[in-house]
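Participant: coordinates only, no sequence provided:
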């Protein structure tokens, strides 16, 4: 619990120190807290990193009222132009993205979203979303997408929220990425009539709830990521589908 009134601001990492701070935050959360890993994780320096990092912009969330390191959140984003230079998106490792590429729309891939523990459940995530919105609007992005994670790989514990997403938020076929074998996991585990909506939503991470509040949809099947000890879903959102009320959240961080 915070013992002070936060003073939030966001910016894109431009210095080596800011970039390193983002990787340090990712290490504390994805590796130390959630038990994740990866080929390029540096345990000696405490950095969670991968080969995609140089192609992503890192949107940083600061709390300037915090006495120690003020960087308390990060969201990394990559335009389709950068991805085409690289030859792939991060999500290509887990999902077949052919339908998104064929759409001809301007794409923005989002990933590695995380917040310091004391700021979860607050309005901090809304500030990150506001920064993402500004980034997307400035570049005339038409589709946002990325993988978001449930902690753990025990599907029996995740059956209700996964099934709820499949039955109520499955993307249209023309914009529906499909999880790759052999680590794909069917999401229609439970029949719709036995799912408790309130319970299902409560079991979802805040990031996934934010996506669906904004009109986001999910791809077909989840993906079991053993390196990160997560069960991932691919989320897709067309910026043109955001109505006025939702746009207040997307741009101003407000949604009642």
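Facilitator: Happy to help now that I have it. Please read these numbers as outputs of a predicted model, since none were measured by experiment.

Participant: now do residue 204, the pLDDT please.
Facilitator: Per-residue confidence at residue 204 stands at 95 (pLDDT).

Participant: go on, residue 194?
Facilitator: Looking at residue 194, the pLDDT reads 96.

Participant: check the spacing between it and residue 231 real quick.
Facilitator: 20 Å (Cβ to Cβ, to the nearest Å). (C-beta placed from N, C-alpha, C; glycine too.)

Participant: cool, residue 2 as well?
Facilitator: Using Cβ to Cβ, we find residue 2 at a distance of 30 Å from residue 231.

Participant: cool, residue 119 as well?
Facilitator: Counting by Cβ to Cβ, the gap from residue 119 to residue 231 is 24 Å.

Participant: which residue sits closest to residue 172, ignoring its sequence neighbours?
Facilitator: residue 217 (7.4 Å; Cβ to Cβ, 6 or more residues apart in numbering).

Participant: tell me how many other residues crowd the one you found.
Facilitator: Close neighbours of residue 217, defined as other Cβ atoms under 10 Å, add up to 21.

Participant: give me the beta-bridge partners of it?
Facilitator: residue 236 (DSSP bridges).

Participant: if we can go back for a sec, out of residue 2 and residue 231, which sits in the busier spot?
Facilitator: Taking neighbours as other Cβ under 10 Å, residue 2 and residue 231 compare with residue 231 leading, 23 against 13.

Participant: the more buried one falls within a helix, correct?
Facilitator: No: checked against DSSP: H, G, I helix; E, B strand; the rest coil, residue 231 lies outside a helix; its state is strand.

Participant: which phi and psi does the nearest residue to it once chain neighbours are set aside have?
Facilitator: Spatial nearest neighbour of residue 231, chain neighbours left out: residue 150 (4.5 Å); criterion: Cβ to Cβ, 6+ apart. Torsion angles at residue 150 (phi, psi; degrees, to the nearest 10) stand at phi -90, psi 140.

Participant: how far away is residue 150 from residue 236?
Facilitator: Going from residue 150 to residue 236 by Cβ to Cβ gives 17 Å.

Participant: neighbour count winner among those two?
Facilitator: The neighbour count for residue 150 versus residue 236, taken as other Cβ under 10 Å, is higher for residue 236 (24 against 20).

Participant: now for that one: which residues touch it?
Facilitator: Shown in contact with residue 236 (Cβ atoms under 8 Å, 6 or more residues apart in numbering): 100, 143-145, 171, 175-177, 216-219.
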